[in-house]
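J.: Everything below, folded, please.
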Amino acid sequence: MTSLMNLALGGNKRKVSKRLADILEYKEEFKVALAEEALTLPDRQSFSDKKSRNDPRNDVIVCARFAPGLDKEDEDGMLENLIARNPFTFAGELSFTFKNETRVLFKKYAADYVFDQMDTDEKVFETVGDPLVDIALAGGSGLFISYGQSNTGKSKSYWNFSTSAVQRLLQKSKNDDLAHFVSFMALQGNSCTDLLSNQSEHEMKESKNGSNKITEVIENRIYSVKEFNKMFEKVLSKRSREEHQKSTLICRIRTRDRDPPDDGNLFLVLLPYPDQSSSNISQSSKLGASEQIKQSCQVLKECLTGRARTSANPDQTYNIPYKQAKLTKLLGDVLDIESSRQSRVVLLGNISPYVEDLDTSTDTLKFLATVKAASKEEENVKHPEENPVNWDCYEVNMWLRLTHDLDIDPDHLLSGWQLLRLTRKEFVQFVLSKTSASCDTAWQIWSDLWQLYGSCREKERQRKLCRKEKFQTKDPPKKSYFAILHGDDNNKDDKINVELGTSKRQFEAKLNKGFERNLPRYAAKNAEMMAMEWTNKVAASNRAEARLYPVLGIETG
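T.: Alright, predicted model coming up:
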């Protein structure tokens, strides 16, 4: 397994720029400056609990993970300029003053969690992994994304996180009638490859409800962690270093329930870094692969941003362009709020603390900070009363009585927002526990509630489109050659105005008649004033110079 992980972790040697060479030449001075500036930074905070589903800001969790420390011999020759102080990462920009002295300026990047070099993979899963397993077991969808450059231990931490997720799934479903099936896929460009069937390609089809599914993908049932690790080793052995750097690895674990719509999904995604391609492939192929990965990452960022905004503001609509990339299409059930599937997302950005990797680490931190900043509740927005997400328990009770002839005590009910945050499986269990209704009736209530929520979101989307001004282009009026030479008869200023009794141009000329004789006098007065102003400026300048002569020790005589 070690050799396979080394293959996955392999990277290219980086060229050292002149600026970086100058910084490394003064490495010891910068270490002292960084240590001094680090004393002014805030202390690391303890990890807060973000496992509750009652807080919508927990739907998308953003984490920064520092690469594990190097051996002592290798670390001595490196310069660390990134500092982890949970929940912030401080990136030190190193430069020189005009006196050639070292200068350090820290930039702050926010996240939900920041794991430093001392935090193990087990600690990472313990902090953010359980909610993903729980939502999958409840019939929802969990998504884990590992992002960043390859020399940060990204692949190893991804493997360990996946192993811990499988172990926790098997532990929590030991007494339930659930089965777990795993599949491995690789996305490169527009092709999706099944890694368990001799790398055969598969098509992605969209179902009637809008969800996207890969046809005929092989799924193997897993009974133990050992079986899962064997399959993982088999998958990695088929992938070369080039494929690892150019394609996205997706491990999907499906939790099968008695009723297929209640199946849960856990997606584990290993995302390549856009600018990392093997030097053994052609330049044109390298650029093509890099551009495709960049586009996929950009669409993913927009989708995660829209998903986080929608979670914090459930009665507002935001753009989630999940259909613009193959990866986000496959993850549509997780990203699209109108898929009616509850989901939780963990985005883990792997960064290197060393100055040699500052640019790529900064790009990763900006990616994380953009998604993190989206989880804010908007102010000064209207909250439509007809939207069920804004209903209290009494309004939910009234809707149930009018539409399904069910009367549940409001004290035992949940609000509309709380009901919409339940999975289909949890919703049915809640209705059955409060009423004597059948499963079919409970499913119909769930379907009607989501249909009403979707229609309210569509109305809000149309309102936003109406408020947005449409971009219009006006072509310049076309004139004939005769009109250009002899004037345009269609000119509004030359048309006869009934109220004025003449055209606008002729009326204005008549008003100005008699004032032409004042033009010479106006020109002469204007010239006189300009000359006087210039004389005054020269005199003021002479007075200022006269005051400076004694100060400067200049003799006048």
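J.: who's in contact with Leu82?
T.: Taking CB atoms under 8 Å, 6 or more residues apart in numbering as the criterion, Leu82 is in contact with 66, 89-92, 351-354, 358, 361. In short, each C-beta sits where N, CA and C put it, glycine included.
J.: any chance you could read off phi and psi for Asp315?
T.: Listed backbone geometry of Asp315 is phi -100, psi 10, with angles given as degrees, to the nearest 10.
J.: Does it touch Glu386 like I think?
T.: No: in this structure Asp315 lies outside contact range of Glu386 using CB atoms under 8 Å: 10.0 Å.
J.: Residues that sit against both of these two, list them.
T.: Overlap between the neighbourhoods of Asp315 and Glu386 consists of Cys456, taking contacts as CB under 8 Å, 6+ apart.
J.: Does anything pack onto the helix or strand harbouring Phe30? Which helices or strands?
T.: For Phe30, the host element (DSSP states H and E) is helix 27-38. Packing contacts for helix 27-38, counted by 3 or more CB pairs under 8 Å, 6 or more residues apart in numbering; DSSP states H and E, involve strand 88-96, strand 102-110.
J.: one step back: closest one of the contacts of Leu82 to Gln171?
T.: The shortest gap between Gln171 and any of those belongs to Phe66, at 28.8 Å (CB to CB).
J.: Check the model's average confidence along the longest helix seen in the chain for me.
T.: Using DSSP state H to define each element, the chain has its longest helix at helix 519-552. Per-region confidence: helix 519-552 scores 76 on mean pLDDT.
J.: Now do stretch 499-506: distance from first to last residue.
T.: The distance separating the two terminal residues of stretch 499-506, taken as CA to CA, to the nearest Å, comes to 13 Å.
J.: What residues of it count as buried?
T.: Burial within stretch 499-506, assessed by neighbour count using 16 or more other CB atoms under 10 Å, is assigned to Ser503.
J.: wait, which of the contacts of Leu82 is closest to Thr127?
T.: Phe66 (14.3 Å).
J.: More neighbours: which of Asp315 and Glu386?
T.: Relative neighbour count places Asp315 above the other of Asp315 and Glu386, with 20 against 11, counting by other CB atoms under 10 Å.
J.: Now do the more buried one, the pLDDT please.
T.: Residue-level confidence at Asp315 comes out at 92, pLDDT.
J.: give the contact list for it.
T.: With contact taken as CB under 8 Å, 6+ apart, Asp315 is in contact with 383-384, 387, 389-390, 456-457, 460.
J.: which of these count as buried?
T.: The buried subset of the contacts of Asp315 (16+ other CB under 10 Å) comprises 387, 389-390, 456-457, 460.
J.: Let me see the mean pLDDT of stretch 53-68.
T.: 92.
J.: can you check stretch 290-304 too?
T.: Within the predicted structure, the mean pLDDT of stretch 290-304 is 90.
J.: Contacts made by that stretch with the rest, please.
T.: The list of residues contacting stretch 290-304 from outside it, by CB under 8 Å, 6+ apart, reads 60, 145, 147, 187-189, 246, 248, 271-275, 277, 319-322, 324-328, 331, 335, 345, 347, 367, 370-371, 374.
J.: now with 7 Å?
T.: With CB atoms under 7 Å, 6 or more residues apart in numbering as the test, stretch 290-304 has contacts from 60, 189, 271-272, 274-275, 277, 319-322, 324-325, 327-328, 335, 345, 347, 367, 370-371.
J.: In ChimeraX, how would I select the buried members of those?
T.: Paste this into ChimeraX to select the buried members of those, with burial taken from 16+ other CB under 10 Å:
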select :60,271,272,274,277,320,322,325,327,328,335,345,347,367,371
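J.: okay, and for the stretch 1-150 of the chain, where does confidence drop off?
T.: Where the stretch 1-150 of the chain drops to pLDDT under 70, the residues are 1-16, 70-77.
J.: what about the strands in it?
T.: Read by DSSP state E, counting those that start in this stretch, the stretch 1-150 of the chain holds these strands, from start to end of the chain: 60-66, 82-85, 88-96, 102-110, 113-115, 141-148.
J.: mind listing what's buried in the helix or strand hosting Lys301?
T.: Element membership for Lys301, per DSSP H and E: helix 283-312. Using 16+ other CB under 10 Å as the burial criterion, the residues of helix 283-312 that qualify are 286, 289-290, 292-293, 295-297, 299-312.
J.: Next secondary structure element downstream of that helix?
T.: Tracing the chain C-terminally past helix 283-312 and defining elements by DSSP H and E, one meets helix 326-330 next.
J.: thinking again about what came up before, would you turn the contacts of Asp315 into a markdown table with secondary structure, pLDDT and distance to Val32?
T.: Putting the contacts of Asp315 into a markdown table (DSSP: H, G, I helix; E, B strand; the rest coil; pLDDT from 0 to 100; distance: CB to CB, whole Å) gives the following:
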| residue | secondary structure | pLDDT | distance to Val32 |
| --- | --- | --- | --- |
| His383 | coil | 90 | 54 |
| Pro384 | coil | 90 | 59 |
| Asn387 | coil | 94 | 58 |
| Val389 | helix | 94 | 55 |
| Asn390 | helix | 95 | 57 |
| Cys456 | helix | 93 | 60 |
| Arg457 | helix | 93 | 56 |
| Glu460 | helix | 90 | 56 |
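J.: Need the contact partners of whichever strand or helix holds Ala165.
T.: Using DSSP H and E, Ala165 maps to helix 154-172. When contacts are defined by CB under 7 Å, 6+ apart, helix 154-172 is touched by residues 5, 8-9, 65, 121-122, 124-125, 129-130, 132-133, 137, 144, 146, 148, 180, 222, 225, 228-229, 232, 251, 253, 266, 268, 270, 350.
J.: Can you list the buried residues in that helix?
T.: 154-166, 168-170.
J.: Same check on stretch 225-236?
T.: Within stretch 225-236, the residues that count as buried by 16+ other CB under 10 Å are 225, 228, 231-232, 235-236.
J.: Could you tell me how far that stretch lies from the centre of the chain?
T.: In terms of CA atoms, centre = their mean, to the nearest Å, the centre of stretch 225-236 is set 31 Å apart from its chain centre.
J.: change the start of the numbering to 48 and stick with it
T.: I'll keep to 48 as the first residue from here, and by that count the last item is stretch 272-283.
J.: Output it in CSV with nothing but the alpha carbons.
T.: Once side chains and other backbone atoms are set aside, the C-alpha atoms of stretch 272-283 remain, and they are given as CSV (Å, rounded to 0.1, in the frame of the first residue of the first chain):
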residue,chain,number,x,y,z
VAL,A,272,-13.3,-2.2,6.0
LYS,A,273,-10.7,-4.8,4.8
GLU,A,274,-12.8,-5.5,1.7
PHE,A,275,-13.1,-1.8,1.0
ASN,A,276,-9.3,-1.3,1.2
LYS,A,277,-8.7,-4.1,-1.2
MET,A,278,-11.0,-2.5,-3.7
PHE,A,279,-9.3,0.8,-3.2
GLU,A,280,-5.8,-0.7,-3.7
LYS,A,281,-7.1,-2.3,-6.9
VAL,A,282,-8.4,1.0,-8.2
LEU,A,283,-5.2,2.9,-7.4
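J.: if we can go back for a sec, quickly compare the helices and strands packed on helix 74-85 and say which is most buried.
T.: strand 135-143 (a mean of 19; mean count of other CB atoms under 10 Å).
J.: mind listing which of the contacts of helix 201-219 are in helices?
T.: Per DSSP H, the subset of the contacts of helix 201-219 in helices is 52, 55-56, 168-169, 171-172, 177, 179-180, 184, 272, 275-276, 279.
J.: which two from these end up farthest apart in space?
T.: By the measure CB to CB, Leu56 and Leu184 form the most distant pair in these, at 31.7 Å.
J.: Pick out whichever of the two has more residues nearby.
T.: The neighbour count for Leu56 versus Leu184, taken as other CB under 10 Å, is higher for Leu184 (22 against 16).
J.: for the longest helix of the chain, which positions count as buried?
T.: Using 16+ other CB under 10 Å as the burial criterion, none of the residues of helix 566-599 qualify.
J.: from the chain's centre, how far out does it sit?
T.: Here helix 566-599 is found 61 Å from its chain centre; the criterion is CA atoms, centre = their mean.
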